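Engineer: I would like the atomic coordinates for the input below:
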Amino acid sequence: MQPIPRYQPTFAERYPVPLFAALLDILLVIASGFLAYYIRFDTLDMPGRYNTATLLSAILVMFCLMMGGVYGSLRGLSFRRQLSLVTIGWLAAAGILLSLSFFLKVSTNYSRIWFGTMLLIGGGASILLRLSVFLLLRRLRSAGHNLKSVLLVDSGGRSAEFLNGGGRHLGEYGFRMVHGLPFERGEAWLSELVAAVEKYGVHEVWLCLRLNEGDAIRDILYALRHHTVEVRFIPEWGDIPLLNHKVSQIAGLYSLDLSCSPMDGPARLIKRAEDLLVGGLISLLILPVCLLIVIAIKTTSPGPAVFKQYRTGINGKKFKVYKFRSMVVHKECGGAVTQATKHDARVTKVGAFLRRTSLDELPQFFNVLQGRMSIVGPRPHALAHNEYYKDLVESYMQRHKVKPGITGWAQVCGYRGETDTIEKMQKRVEHDLWYIDNWSLWLDLKIIFWTIFKGFINKNAY
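Structural biologist: Reported below is the predicted structural model:
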């Protein structure tokens, strides 16, 4: 009997690409730290505290990029998506470093110019590195290299139509459609599938089938059990919302969580830590701005600078929300709450500016520190609006599964301000529920980043 040869892993298996990418990012940050120090102080002889800060920055950047999924497979990802992941990772690392230096009271020990230059050089180099890899891969793939062969099992649905129509674009993502096989049932068809996999040297089989074809999918997997092809299930577009949920194990059974927030257990602690850390830092930074706003309100119209209003919070519980007063002091008839409209006579001149720039929301950071709100979450609506919309908009009250936020996914997507139609409120609620179902720390950081650059000023806010 011939001895079985000992398995020898390849170089790529011994040293996977993600490890090289992580080490390269660490080296980029360290190099950018030295270069930034040379630009600032005209010497490479960095003191020990700068060496420590540079090493900490490198490890933190690598950790944030890893948590953001940057070191996963690039196949199937557009460069825009890669750029988004890298940018969010670097911004998260910068925010954590700034917060640490502030709370540890060591920010005065370092040059701000050095820190900013290091982030710009390191972040720019990291993006350029990914761009170079993307362009290299695109060139290789356009020449027919670095492509995975795909066999499409077609049930005649919209997903298959999309893939067949856009198959020529799959090469950019690292795939090549080599064969399409109309779906049928029976042993003869399964044998045809196996023969096609062998004939075309298929790497992946994509199944464009309906959810009710579970038995057929199991038969396909069994037929391909002796082959190392990867099998992907691409649902019909109408089935996708059902699949976009977490699978849990309850009492020994698998459960598809159709209406359950991911913000539970450890995630709830992470969310609270985010609110305290970011909210506390922002609260200190905005104190001078708040003082100026109070003076402007008090000197231009009679009444308090801050007003309190009951809103619906987590689990439908009422709480007092704080806002800078943007209207003249008045009372609504019968306790009704009338939404502000364009050219609303109740809005003061200072109030119009505050509402347009969202500065009237700044006191809500106090609500965040109290634990009644989050920085990111569905915006809290007036109690009367909840009573009105809960029977008109499907799943409206599901948005109260989490704490309301100062900003949210709906707001950065353009759904803020007056909701004068049911359709507008439906869109806002859809975005709120999508946020709840897909929450992550990185999504929160992305929303905060977008709010800074596009969410403060909005023509829909009156």
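
Engineer: contacts and neighbour counts: CA atoms only from here.
Structural biologist: Noted.

Engineer: quick one, phi/psi of F307?
Structural biologist: phi -120, psi 160 (degrees, to the nearest 10).

Engineer: any idea how far it lies from L28?
Structural biologist: 50 Å (Cα to Cα, to the nearest Å).

Engineer: Neighbour count: these two, which is higher?
Structural biologist: More neighbours surround L28 than the other of F307 and L28, with 20 against 15 (other Cα atoms under 10 Å).

Engineer: got a list of what the residue lying closest to V294 once chain neighbours are set aside touches?
Structural biologist: Distance criterion Cα to Cα, 6 or more residues apart in numbering; nearest residue to V294, sequence neighbours excluded, is A305 at 5.5 Å. Taking Cα atoms under 8 Å, 6 or more residues apart in numbering, we find A305 in contact with V294, I297, K298, F324, R325.

Engineer: biggest separation within those, which pair?
Structural biologist: Comparing all pairs in the contacts of A305 by Cα to Cα, the longest separation belongs to K298 and F324, at 10.7 Å.

Engineer: out of the two, which sits in the busier spot?
Structural biologist: Per other Cα under 10 Å, whichever of K298 and F324 has more neighbours is F324, with 24 against 14.

Engineer: The more buried one against P363, yeah?
Structural biologist: Yes. Counting by Cα atoms under 8 Å, F324 touches P363, with 6.8 Å between them.

Engineer: where do the contact lists of those two overlap?
Structural biologist: Common neighbours of F324 and P363, using Cα under 8 Å, 6+ apart, are V306.

Engineer: and the chain, what are its domains?
Structural biologist: Described in terms of automatic domain parsing, the domain architecture of the chain consists of the residue ranges 11-142, 148-243, 266-455.

Engineer: Lowest average pLDDT across these?
Structural biologist: Lowest mean pLDDT within these: domain 148-243, a mean of 81.

Engineer: Quick one: list the elements packing against the host helix or strand of Y37.
Structural biologist: Using DSSP states H and E, Y37 sits within helix 17-41. Counting contacts by 3 or more Cα pairs under 8 Å, 6 or more residues apart in numbering; DSSP states H and E, helix 17-41 packs against helix 48-67, helix 112-142.

Engineer: Would you mind pointing out the helix or strand I293 falls in?
Structural biologist: Counting by DSSP H and E, I293 is part of helix 266-300.

Engineer: and what of M177?
Structural biologist: strand 175-182.

Engineer: for the following helix or strand past that strand, the distance to its chain's centre please.
Structural biologist: Note on strand 175-182: by DSSP H and E, the next helix or strand toward the C-terminus is helix 187-200. Helix 187-200 has its C-alpha centroid displaced from the chain centroid by 40 Å (Cα atoms, centre = their mean, to the nearest Å).

Engineer: Check which helices and strands the helix or strand following helix 187-200 sits against.
Structural biologist: Sequence-wise, the next helix or strand downstream of helix 187-200 (DSSP H and E) is strand 204-208. Judged by 3+ Cα pairs under 8 Å, 6+ apart, the packing partners of strand 204-208 are strand 148-154, strand 230-233.

Engineer: which one of these lies closest to L277?
Structural biologist: strand 230-233 (40.5 Å).

Engineer: quick one on the thing from earlier: any idea which of the helices and strands packed on helix 17-41 gets closest to L433?
Structural biologist: Nearest to L433, of the helices and strands packed on helix 17-41 and by Cα to Cα, is helix 48-67 at 23.6 Å.

Engineer: Next, the angle from the closest one to helix 112-142.
Structural biologist: Relative orientation of helix 48-67 versus helix 112-142 (axes from the mean of the first three to the mean of the last three Cα atoms, to 10 degrees): 40 degrees.

Engineer: following helix 48-67, which helix or strand shows up next?
Structural biologist: Later in the chain than helix 48-67, the nearest helix or strand by DSSP H and E is helix 79-103.

Engineer: Could you list every helix and strand that that next one packs against?
Structural biologist: Taking 3+ Cα pairs under 8 Å, 6+ apart as the contact cut, helix 79-103 packs with helix 48-67, helix 112-142, helix 266-300, helix 441-450.

Engineer: So what touches the first one?
Structural biologist: What that stands for is helix 48-67. For helix 48-67, the external contacting residues (Cα under 8 Å, 6+ apart) are 22, 25-27, 29-30, 33, 71, 85-86, 89-90, 92-93, 97, 110.

Engineer: Now do the buried residues in stretch 349-369.
Structural biologist: Using 16 or more other Cα atoms under 10 Å as the test for burial, stretch 349-369 gives 350-369.

Engineer: returning to what we had before: helix 112-142 and the helix holding Y37, what's the angle between them?
Structural biologist: Angle of helix 17-41 versus helix 112-142, following the same axes, to 10 degrees, is 140 degrees.

Engineer: For helix 17-41, buried residues please.
Structural biologist: For helix 17-41, the neighbour count (16+ other Cα under 10 Å) marks 21-22, 25-26, 28-37, 40 as buried.
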